[in-house]
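K.L.:
Kindly return the folded structure for what I paste below:
(one chain, ligands or ions: 1)
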Amino acid sequence: MAPEEAYTVKVGTRRSALALRQTELVIAALKAANPNIDFEVHSMATMGDRDKTTPLPALGKGLWTSELEAQLVAKDVDIIVHSLKDMPTVLPPGCVLGAVTEREDARDVVVFPRRQEGKYKTLQELPEGSVVGTSSVRRAAQLRRRYPGLVFRDVRGNIDTRLKKCDDAAEGYDAIILAAAGLLRLNFGERIGQFLQSSTPGGGLLHAVGQGALGLEIREGDERMEKLLQAAVHKPTMMAAFAERAVMRTLEGGCSVPIGVETTWVEDKKLRLRVTVVSLDGQTGVDGEKTEVVESLEAAESLGTRLAKELAEQGAQKILDEINCQRADGSGALKVSDA
Ligand SMILES: NCc1[nH]cc(CCC(=O)O)c1CC(=O)O
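P.N.:
Here you go, the predicted model:
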């Protein structure tokens, strides 16, 4: 077979340090498998990057992705590299999720301010009234349920901005919550104070759908890119991510809600999927778990859809309806992005 002719692939990304780092990792993997092909990075600031004051819910669902997708459809770029968790579960016409890469650590973590280094090691040790920074309703709602004595406050900005705010005594945070993946990819791993997961003593947290994985979006029917991306696909992550995205797609009904998930591969190709749906105040929550053999993307989606439907019947639907009510009468902000 003749070697494929050389050509240039235009890769779209956000402009944050994390987004550029993620793009670099993806291009290195694609280049290793396709040494003939050249890659060109096209970075842009999206609405979510530019607008730092409007509450995220008001910016709509594709705040990190829509403008990049417009470039994809216009053929200004051929691939977009996203944090999978920032990708809506329904993509615009003409766009598809072509690949999911191997997951970095999917967990959320606690970061303590440098000035208090070593004073507290866990959320459990923080005294009543301590202020914990997070702009994610998923994180705040789950943690309110486990730690009613803590106070949760917004913290916006890129990862380095949030770390600076955490360290600045004038900002008043006793801890902030971030994703392990972003910290690790930017070499801030030493800032991780505590990992949060379902088994965390004192109360943990289920992570966001897709957290820690990268989603590569391409034009529907672009066979050349489809083929090229196979070198970046990590099948176990992609199946787990499809299960998680099916949960979200089934439950959200047009809006986003505090949904946490955890997927683990256990013996014999079995995928264990855990899901939690929590009311915004942390007062009520519905939790579920299902373990099944999963060997295809379709089986993964089916697992996620069925567990989500069960949870909807067991009370998750009521929680979601209440959140919709709050939004309808303007009394409660609804988050559409897992910040
Ligand atoms: N919207 C914020 C966002 N989107 C992706 C990541 C990094 C983690 C990941 O790749 O899942 C983060 C930061 C955070 O949640 O701490």
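
K.L.:
Pull out the buried positions in whichever strand or helix holds Lys227.
P.N.:
For Lys227, the element it lies in under DSSP states H and E is helix 223-229. Going by neighbour count (16 or more other C-beta atoms under 10 Å), the buried part of helix 223-229 is Met225, Leu228, Leu229. C-beta: built from backbone N, CA, C; applies to glycine.

K.L.:
Tell me how many other residues crowd the residue nearest to the last one when sequence neighbours are not counted.
P.N.:
In this case it means Leu229. Nearest residue to Leu229, sequence neighbours excluded (C-beta to C-beta, 6 or more residues apart in numbering): Ala99, at 4.0 Å. Other residues lying near Ala99 total 26 when counted by other C-beta atoms under 10 Å.

K.L.:
cool, and Gly98?
P.N.:
With other C-beta under 10 Å as criterion, Gly98 counts 22.

K.L.:
quick revisit: now do the helix holding Lys227: distance to the chain's middle.
P.N.:
With C-alpha atoms, centre = their mean, to the nearest Å as the basis, helix 223-229 stands 24 Å off its chain's centre.

K.L.:
A strand includes the residue nearest to Leu229, no?
P.N.:
Yes: counting by DSSP: H, G, I helix; E, B strand; the rest coil, Ala99 is located in a strand.

K.L.:
if I look at the nearest residue to Val77 once chain neighbours are set aside, how far off is the ligand?
P.N.:
For Val77, the nearest residue in space outside its immediate sequence neighbours is Gly12; the separation is 3.5 Å by C-beta to C-beta, 6+ apart. Distance of Gly12 to the ligand, computed by C-beta to the nearest ligand atom, to the nearest Å: 16 Å.

K.L.:
Tell me the helix or strand right after the helix or strand that contains Gly12.
P.N.:
If you go by DSSP H and E, Gly12 is part of strand 8-14. Per DSSP H and E, the first helix or strand lying C-terminal to strand 8-14 is helix 17-33.

K.L.:
same for the next helix or strand after that following helix, what does it pack against?
P.N.:
Next along the chain after helix 17-33, taking DSSP H and E as the criterion, comes strand 38-44. Under the contact definition 3 or more C-beta pairs under 8 Å, 6 or more residues apart in numbering; DSSP states H and E, strand 38-44 sits against strand 8-14, helix 17-33, helix 66-73.

K.L.:
pLDDT on strand 38-44, on average?
P.N.:
In this model, strand 38-44 has an average pLDDT of 96.

K.L.:
What strands flank it, and is each parallel or antiparallel?
P.N.:
strand 8-14 (parallel) (DSSP bridges).

K.L.:
sorry, back to before: which of the helices and strands packed on strand 38-44 sits most buried?
P.N.:
Per-stretch averages of neighbours, counted by mean count of other C-beta atoms under 10 Å, single out strand 8-14 among those, with a mean of 20.
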